[in-house]
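1. missing the sequence, but the structure's below:
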């Protein structure tokens, strides 16, 4: 069990550029979540997948944000035309939901820190 | 709607002191309640949980009891250690676990 891994750990970009983050969940986990965390705040829900289906998307997520989980394994989060307000820690988490042995425990990655200059 | 409110920090204690971090929630239905902890430089990890009213979650000497009548889930530890220094997040998940709502976090500093 290698845990949830996120890449890159840090990303610095200029305003207006596009960025893409990757998350590799724990291999047997069917749910994958993206959260955003700003300094002094708790994680805010952005979106989640059950296998490859994106089941819910927060109203916080503007049209500039898109997430995919094409084969129900790893996921990518893309931000187009970045703005300074997008600067935050982007967290990925996974869990095993439904069926035998299911539990609601989230396993978090260490996050990708985005700085938009 | 669903939300979590927890006491602001930082909380600074001496080693072996008693710890309480308050957490109250607003939820539709019957949520599960959690405490997550984030140690410096690490990702969030589950500390304890309770899935129904009057349940007590416990782990590593920490405890929290699900109080439906006061909509609270306060975190307690009888004797803190320097190694408990971290940020603690209270969270809830509605019955279908499709989303988790987190409080803003409480930073705990334990001095030797």
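-> Arrived safely, thanks for sending. Keep in mind that this is a model prediction, so the values were computed, not measured.

2. look up the closest residue to residue 20, ignoring the ones flanking it.
-> Using chain A here. residue A:78 (4.6 Å; C-beta to C-beta, 6 or more residues apart in numbering or on different chains). No exception for glycine: its C-beta is placed from N, CA and C like everyone else's.

3. not quite, I wanted chain B
-> residue B:76 (5.3 Å).

4. got a list of what that neighbour touches?
-> Contact partners of residue B:76, counting by C-beta atoms under 8 Å, 6 or more residues apart in numbering or on different chains, are B:18-21, B:62-64.

5. follow-up on the earlier one: helix or strand right after the strand or helix carrying the residue nearest to residue A:20?
-> Under the criterion of DSSP states H and E, residue A:78 resides in strand A:75-79. Later in the chain than strand A:75-79, the nearest helix or strand by DSSP H and E is strand A:88-95.

6. next structured bit after that following strand?
-> Assigned by DSSP H and E, the successor of strand A:88-95 is strand A:107-108.

7. of the contacts of residue B:76, which is the nearest to chain A?
-> residue B:21 (13.1 Å; C-beta to the nearest C-beta).

8. from the contacts of residue B:76, list the buried ones, please.
-> For the contacts of residue B:76, a neighbour count by 16 or more other C-beta atoms under 10 Å in any protein chain shown gives the buried set as B:19, B:21, B:62-64.

9. now do residue A:107 against residue B:9, distance only.
-> Using C-beta to C-beta, to the nearest Å, residue A:107 is found at 25 Å from residue B:9.

10. leaving out sequence neighbours, find the closest residue to the residue of chain A found nearest chain B.
-> Proximity of chain A to chain B (C-beta to the nearest C-beta) peaks at residue A:42, 3.4 Å away. Nearest non-adjacent residue to residue A:42, counting by C-beta to C-beta, 6+ apart: residue B:102, 3.4 Å away.

11. just the closest residue of chain B to chain A, please.
-> Closest contact between chain B and chain A, by C-beta to the nearest C-beta, is at residue B:102 (3.4 Å).

12. any idea how many residues pack against that residue?
-> Residue B:102: 22 surrounding residues under other C-beta atoms under 10 Å in any protein chain shown.

13. contacting residues around it?
-> Here residue B:102 is in contact with A:35, A:42-44, B:4, B:36, B:89-91 (C-beta under 8 Å, 6+ apart).
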